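> Just a sequence and a predicted model for now, questions to come.
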Amino acid sequence: MKSACDEVVKVNDLHFSYPDGLEALRGITFSLHTGDKVALVGPNGAGKSTLMLQLNGILHGRGLVEVGNLQLNPANLAVVRGKVGLVFQNPDDQLFCPTVFEDVAFGPLHMGLPDSEVGARVEEALAMVHMSGYKDRLSHHLSAGEKKRISIATVLSMHPEILVLDEPSAGLDPRARRSLIRLLQEMPITMLVSTHDMPMVKDCFPRTIVMDHGQIVADGPTMDILDNAQFLEAHGLEKA
């Protein structure tokens, strides 16, 4: 049985509105425990991306956000960001150095780690995404699937407690998508993954959180949610 002591993320009554008055989050409450692999689904505009950006303080709402038993506030912001590995939908937003090694080393270098530790973390992160032979490659010459894996490695090198991915399968061809699914299945880290790829949800994530109009409308076993065709249709989703 899971308990509060192994909570990686705790969110309670989180609200957020954009400057134009759009209320994007309306009382979001959930928690993630060590080893959880959770899909975050819902129609466009449901608030999924807004929620993910709250978890490492890119956006600041009203309510409680805790990561690794640390409350997200200005004093803890840098530490919390180190615990949340956020992978953007477009890898080109994350890969900006000439070589793969430099991209994956960027975070550890800015943590002030010695060169030997940086090198070890790069090797470890690339091995985790099965890209060990790519460290000297030019990042902008990689395929979409390869870029996706390297963007994941750039956050794994920071040793985060949770991996948060936005639409990881978007733009991938079928082979790269299947490869990504196998990678997500085998990685032992806690994950929260926003996606419209319902077959991937079925294959990879035992638990699913459904958002609509800034609220959580379901949170439970994935197969229970996916088997409810009427519920899926009501919230802009398709059966896998």
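All right, it came through fine.
> in this protein, which spans are strands?
Assigned by DSSP state E, the strands in the chain fall at 7-17, 23-33, 37-41, 62-67, 70-71, 84-87, 162-166, 190-194, 207-212, 215-221.
> Need these in a markdown table (columns: distance to residue 149, mean pLDDT and mean neighbour count).
C-beta here means a position set from N, CA and C on the backbone, and glycine is covered the same way. Output for those, formatted as a markdown table (distance: least, CB to CB, whole Å; pLDDT from 0 to 100; neighbours: other CB atoms under 10 Å):
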| stretch | distance to residue 149 | mean pLDDT | mean neighbour count |
| --- | --- | --- | --- |
| strand 7-17 | 23 | 96 | 18 |
| strand 23-33 | 23 | 97 | 18 |
| strand 37-41 | 18 | 97 | 24 |
| strand 62-67 | 24 | 96 | 17 |
| strand 70-71 | 29 | 93 | 13 |
| strand 84-87 | 10 | 94 | 23 |
| strand 162-166 | 12 | 95 | 22 |
| strand 190-194 | 15 | 96 | 23 |
| strand 207-212 | 24 | 98 | 22 |
| strand 215-221 | 29 | 97 | 15 |
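> Minimum distance to residue 236: which of these has it?
strand 207-212 (7.1 Å; CB to CB).
> Just want the angle from that closest one to strand 190-194.
30 degrees (axes from the mean of the first three to the mean of the last three CA atoms, to 10 degrees).
> Could you count how many residues lie near the nearest residue to residue 122 once chain neighbours are set aside?
Distances taken as CB to CB, 6 or more residues apart in numbering put residue 104 closest to residue 122, at 4.6 Å, once the chain neighbours are dropped. Residue 104 has 32 neighbouring residues, counting by other CB atoms under 10 Å.
> Isn't residue 104 up against residue 134?
No - look at residue 104 against residue 134 with CB atoms under 8 Å: they stay out of range, at 9.4 Å.
> Save the strands of the chain as JSON lines, and put in distance to residue 140 too.
JSON lines is the format used below for the strands of the chain (distance: least, CB to CB, whole Å):
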{"stretch": "strand 7-17", "distance to residue 140": "33"}
{"stretch": "strand 23-33", "distance to residue 140": "33"}
{"stretch": "strand 37-41", "distance to residue 140": "30"}
{"stretch": "strand 62-67", "distance to residue 140": "32"}
{"stretch": "strand 70-71", "distance to residue 140": "36"}
{"stretch": "strand 84-87", "distance to residue 140": "18"}
{"stretch": "strand 162-166", "distance to residue 140": "21"}
{"stretch": "strand 190-194", "distance to residue 140": "25"}
{"stretch": "strand 207-212", "distance to residue 140": "34"}
{"stretch": "strand 215-221", "distance to residue 140": "38"}
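> Please name the nearest non-neighbouring residue to residue 217.
residue 210 (5.2 Å).
> same question but for residue 160, I mixed them up
Counting by CB to CB, 6+ apart, residue 160 lies nearest to residue 85, which is 3.4 Å off, once chain neighbours are set aside.
> shouldn't the one you found be in contact with residue 157?
No - using CB under 8 Å, residue 85 makes no contact with residue 157, being 9.1 Å away.
> So, low pLDDT: which residues of the protein?
Scanning the chain for pLDDT under 70 picks out the ranges 1-5.
> Apply 80 and report the result again.
1-5, 239-240 (pLDDT under 80).
> Going by residue numbers, what spans are helices in it?
Taking DSSP state H, the helices of the chain run over residues 48-54, 77-83, 100-110, 115-128, 144-156, 174-186, 198-204, 222-226, 229-234.
> out of those, which comes closest to residue 29?
Closest among those, once you apply CB to CB, is helix 48-54, at 11.3 Å.
> What lies in contact with the closest one?
When contacts are defined by CB atoms under 8 Å, 6 or more residues apart in numbering, helix 48-54 is touched by residues 11, 14, 16, 24-25, 28, 40-42, 59-61, 65, 72, 86, 164, 166, 192, 194, 211.
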